[in-house]
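A.B. asks: Output the structure for:
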Amino acid sequence: MTSRPKRPTEDTSSGEDSAGTDTGTPVGTGKVGTGKVDTGKVDTGSASKGGARDRRAYARRDNRDASHPSAESQERADRRRAREDERAKVSRSRRRAGLIAAAVLAVVLAGFAVVYLSPVLTVRTIDVRGAVSVSEDEVIADLAVPMGEKLVRVDTGAAARRVASIPSLASVRVQRMYPSTIRVTVTERVPVVFVDRPDGTHLLDADAVDFAVAPPPPGVIRLVTDNPVTGDPPTESALAVLDSLPEPLRVQVGEIRAGSASDVSLILFDGRTVVWGDRDRSERKSAVALALLSQPGQILDVSSPDLPTTK
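C.D. replies: Residues are numbered from 1 along each chain as shown. Okay, the predicted model is just below:
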């Protein structure tokens, strides 16, 4: 008999699998022996789920970016708001300035109407102050401001110059006193010396201004110089010496003479002469002269006060 060849038998034992043995298990079962096998189906599912998670993460980040703008965007927004606030502030300031200007204009127009159109602010009184030897009528006449004149139209400077033309006045001030008064304040000249001239006795003040022809008041001293006017050196020197005299010496002086600026002499009421010299060291000279008045002699020379002499 012809014998048939034997078919190889399959080993179904549970021994160790040899390398590369295919168990025949379908792909996707996930199990080989006792361990888990990472199949292609599992990898595909993981990638799909990961992509979904990434999309959701991007969406959440986009939402956060939308709700939390970047620093640059925030800075642009802040600058835009600042510009808008500044424009609003400027607009409010302009409106306020316009209202103020309108109010000021209204006040100015009202003031103009009161000052120039109303009969209230007109000259109804002239108040003269400081006049003693000069009459108020003379001051008012030279002031030349008519009653009823608009107060604002009175030229106080020109009015003061007109009044100052009166020789006896040293200074003049003219003021508007609202609502209806012009005030004139004058300072009269004070005679210090008098000069005898062919037309009478002329009174001079401390600046050698010849301002009146009248009898000299008590205490006014005669001045003897060649040219008794303002700016004359001998006259100015004599007036400076006279101004420096202490009262106990001054009351004894009846006349002051000046041949030159350095040749001033005092003539006392008792006839004695005090040779003074120039105006320098007048305080020292006055003290020496008072001391010499108790000494005999008709001429007391104090021109050199450290070496006085009597004759």
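A.B. asks: any idea of the pLDDT on the residue nearest the centre of the chain?
C.D. replies: The geometric centre of the chain, computed from its C-alpha atoms, lies nearest to Val104 (CA atoms, centre = their mean), at 23.4 Å. Looking at Val104, its pLDDT stands at 82.
A.B. asks: roughly how far apart are it and Gly98?
C.D. replies: 11 Å (CB to CB, to the nearest Å). (Glycine included, C-beta is placed from N, CA and C.)
A.B. asks: pLDDT weak spots in the stretch 101-250 of the chain?
C.D. replies: The stretch 101-250 of the chain contains residues with pLDDT under 70 at 108-119.
A.B. asks: residue ranges for the strands of it, please.
C.D. replies: 125-129, 169-177, 181-188, 193-197, 200-204, 210-213, 221-224 (DSSP state E, counting those that start in this stretch).
A.B. asks: now those strands as a markdown table including distance to Leu292 and mean neighbour count?
C.D. replies: Shown next, in a markdown table, are the strands of the stretch 101-250 of the chain (distance: least, CB to CB, whole Å; neighbours: other CB atoms under 10 Å):
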| stretch | distance to Leu292 | mean neighbour count |
| --- | --- | --- |
| strand 125-129 | 46 | 14 |
| strand 169-177 | 36 | 17 |
| strand 181-188 | 37 | 18 |
| strand 193-197 | 24 | 18 |
| strand 200-204 | 29 | 19 |
| strand 210-213 | 34 | 17 |
| strand 221-224 | 20 | 19 |
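A.B. asks: Can you convert these into CSV and add a column each for distance to Val145?
C.D. replies: Formatted as CSV, the strands of the stretch 101-250 of the chain follow (distance: least, CB to CB, whole Å):
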stretch, distance to Val145
strand 125-129, 7
strand 169-177, 8
strand 181-188, 6
strand 193-197, 35
strand 200-204, 29
strand 210-213, 24
strand 221-224, 38
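A.B. asks: Asp78: which of those is closest?
C.D. replies: The closest of the strands of the stretch 101-250 of the chain to Asp78 is strand 169-177. By CB to CB, the value is 59.0 Å.
A.B. asks: Parallel or antiparallel, list what pairs with the closest one.
C.D. replies: Take DSSP bridges as the rule and strand 169-177 pairs in its sheet with strand 181-188 (antiparallel).
A.B. asks: if I read this right, Leu293 contacts Thr310, doesn't it?
C.D. replies: No: taking contacts as CB atoms under 8 Å, Leu293 lies outside contact range of Thr310: 10.0 Å.
A.B. asks: Identify the contacts common to these two.
C.D. replies: Leu300 (CB atoms under 8 Å, 6 or more residues apart in numbering).
A.B. asks: Might one say that His149 is in contact with Thr122?
C.D. replies: To be clear, residue 149 is Glu; His isn't right here. Yes: contact status for Glu149 versus Thr122: in contact at 6.4 Å, counting by CB under 8 Å.
A.B. asks: How are the helices of the stretch 101-250 of the chain distributed by residue range?
C.D. replies: Secondary structure of the stretch 101-250 of the chain (DSSP state H, counting those that start in this stretch): helices at 136-143, 156-164, 233-244, 247-250.
A.B. asks: deepest of the ones you listed, which one?
C.D. replies: Each of the helices of the stretch 101-250 of the chain was scored by mean neighbour count; the highest is helix 233-244, a mean of 20, by mean count of other CB atoms under 10 Å.
A.B. asks: Against which helices or strands is that helix packed?
C.D. replies: Using 3 or more CB pairs under 8 Å, 6 or more residues apart in numbering; DSSP states H and E, the elements in contact with helix 233-244 are strand 193-197, strand 221-224, strand 253-260, strand 263-268, helix 282-292.
A.B. asks: Run through the residues that contact the residue nearest to Arg272 when sequence neighbours are not counted.
C.D. replies: Using CB to CB, 6 or more residues apart in numbering and skipping residues adjacent in sequence, the residue nearest Arg272 is Gln298, 5.4 Å away. Residues in contact with Gln298 (CB under 8 Å, 6+ apart) are 271-273, 311.
A.B. asks: try 10 Å
C.D. replies: Gln298 makes contacts with 268, 270-273, 310-311, as judged by CB atoms under 10 Å, 6 or more residues apart in numbering.
A.B. asks: Export those residues to a markdown table and append columns for distance to Leu204 and pLDDT.
C.D. replies: A markdown table is the format used below for the contacts of Gln298 (distance: CB to CB, whole Å; pLDDT from 0 to 100):
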| residue | distance to Leu204 | pLDDT |
| --- | --- | --- |
| Leu268 | 21 | 97 |
| Asp270 | 25 | 94 |
| Gly271 | 24 | 95 |
| Arg272 | 25 | 97 |
| Thr273 | 22 | 97 |
| Thr310 | 31 | 94 |
| Lys311 | 31 | 90 |
